[in-house]
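Asker: A structural model of the following input is requested.
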Amino acid sequence: MTPVVAATGAGVARLDLGGDTWQVELAAPGSGISCLARDPRDPDFLVGGGRGAGVWASSDGGGNWERVDFPHEDV
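Answerer: Coordinates of the predicted model:
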C-alpha cells in the first residue's frame with residue numbers, strides 16, 4: 001500500500017498502515033516543507049516545497065528527502 005504523506009510546515013508526516021494499526025514517522029524534520037506533489041506515474045516519487053524552504057525530493061515514498069537545486073527559495 002502507498003503511504004499517506006502530509007506536509008506539516010516543519011517536515012513531512014508519513015503514515016503507513018501496518019496490519020490494523022497506523023505507523024507515523026516524521027521525515028525531513030526542520031525542512032519547512034509545506035506543500036507536496038506526487039508523481040502520478042511513480043507513487044514513490046514526491047516533491048515538496050515551502051516559503052523559504054526551497055524544493056525537496058523523495059524517491060522512496062517520503063521516507064528520505066534531499067534538497068534540490070532550484071533558483072528560488074519560495075515555492
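Asker: Quick check: which element contains the spatially closest residue to residue 2 that is not a sequence neighbour?
Answerer: Once flanking residues are discounted, residue 2 sits nearest to residue 43: 4.7 Å by C-beta to C-beta, 6 or more residues apart in numbering. Quick note: C-beta positions are derived from backbone N, CA and C, even for glycine. According to DSSP states H and E, residue 43 maps onto strand 42-50.
Asker: need the next SSE after that strand, C-terminal direction.
Answerer: strand 54-58.
Asker: What separates the first and last residues of stretch 46-58, distance-wise?
Answerer: 5 Å (C-alpha to C-alpha, to the nearest Å).
Asker: wait, stretch 67-75
Answerer: Using C-alpha to C-alpha, the two ends of stretch 67-75 sit 13 Å apart.
Asker: Likewise for stretch 57-72?
Answerer: By C-alpha to C-alpha, one end of stretch 57-72 lies 15 Å from the other end.
Asker: Now do it: distance to the chain's middle.
Answerer: 8 Å (C-alpha atoms, centre = their mean, to the nearest Å).
Asker: in it, what's buried?
Answerer: 57, 58, 61, 62, 63, 65 (16 or more other C-beta atoms under 10 Å).
Asker: go on, stretch 32-48?
Answerer: Quick answer for stretch 32-48 (16+ other C-beta under 10 Å): 32, 33, 34, 36, 38, 45, 46, 47, 48.
Asker: Quick check: the second one vs residue 20, distance?
Answerer: Taken as C-beta to C-beta, to the nearest Å, the spacing of residue 33 relative to residue 20 amounts to 29 Å.
Asker: The first one now?
Answerer: Remark: distance between residue 32 and residue 20 (C-beta to C-beta) = 34 Å.
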